[in-house]
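S.K.: Return atomic coordinates for the entry below.
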Amino acid sequence: MMKSPRRPPLRDPGPPPPTRGPRAAPPPLSRFSTALIASLARQTRFVDPDIAARWTELAGPELSKLCRPGRLTGGGTGRTLEVIVPHGAAAASVEFAAETLRRRLNSYFGPEAIGQIAVLQGPAPVGAPRPRFSRFREL
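M.R.: Below is the predicted model of the structure:
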């Protein structure tokens, strides 16, 4: 039986070489994007980002599912808020509730800040349930 060759003993390499410390994480994107989006919204006269964030609270749970805020046009008192709805049935519901919505928004903005609400048809709000056209498609 043949013996395997003997390996030389391992030598001690000493302490590990110095390395750099961990790199700092990048700053959160929201720090820069929030200010950028807010300034773009003001420049394009799009709705104030705070209104979009608080739309469910301002419009109420039923109306916020049917519509979303659009541009705020006009200057000073009596401005017009464009409200975007996905289809004609939602437009009719929002038209019926327009005065209530205007009062709620004026309580947020100040007296007579919103003079009128214009209902426009456009894409559905994010997170809105899709209509079911047939009961047989669910099977």
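
S.K.: Mean confidence (pLDDT) on stretch 101-118, please.
M.R.: Stretch 101-118 carries an average pLDDT of 89.

S.K.: From S93, how far off is the nearest residue to W55 once chain neighbours are set aside?
M.R.: Using Cβ to Cβ, 6 or more residues apart in numbering and skipping the chain neighbours, the partner closest in space to W55 is S64 (5.3 Å). To be clear about C-beta, it is placed using only N, CA and C from the backbone, and glycine gets the same treatment. To S93, S64 is 12 Å away according to Cβ to Cβ, to the nearest Å.

S.K.: circling back: helix or strand right after the helix or strand harbouring the residue nearest to W55?
M.R.: Assigned by DSSP states H and E, S64 belongs to helix 61-66. Using DSSP H and E, the helix or strand that follows helix 61-66 in sequence is strand 68-73.

S.K.: Distance of R68 relative to I114?
M.R.: Distance from R68 to I114, by Cβ to Cβ: 16 Å.

S.K.: my bad, P18
M.R.: To I114, P18 is 64 Å away according to Cβ to Cβ.

S.K.: With neighbour numbers in mind, choose between the two.
M.R.: Higher neighbour count among P18 and I114: I114, with 22 against 5, using other Cβ atoms under 10 Å.

S.K.: what about G74, how many neighbours?
M.R.: Quick note: G74 (other Cβ under 10 Å) scores 15 neighbours.

S.K.: correct me, but I37 touches A53?
M.R.: No. Counting by Cβ atoms under 8 Å, A53 is not a contact partner of I37; they are 11.1 Å apart.

S.K.: Let's check: the centremost residue of this protein is which one?
M.R.: Centroid-nearest residue in the chain, with Cα atoms, centre = their mean: A53, separated by 6.9 Å.
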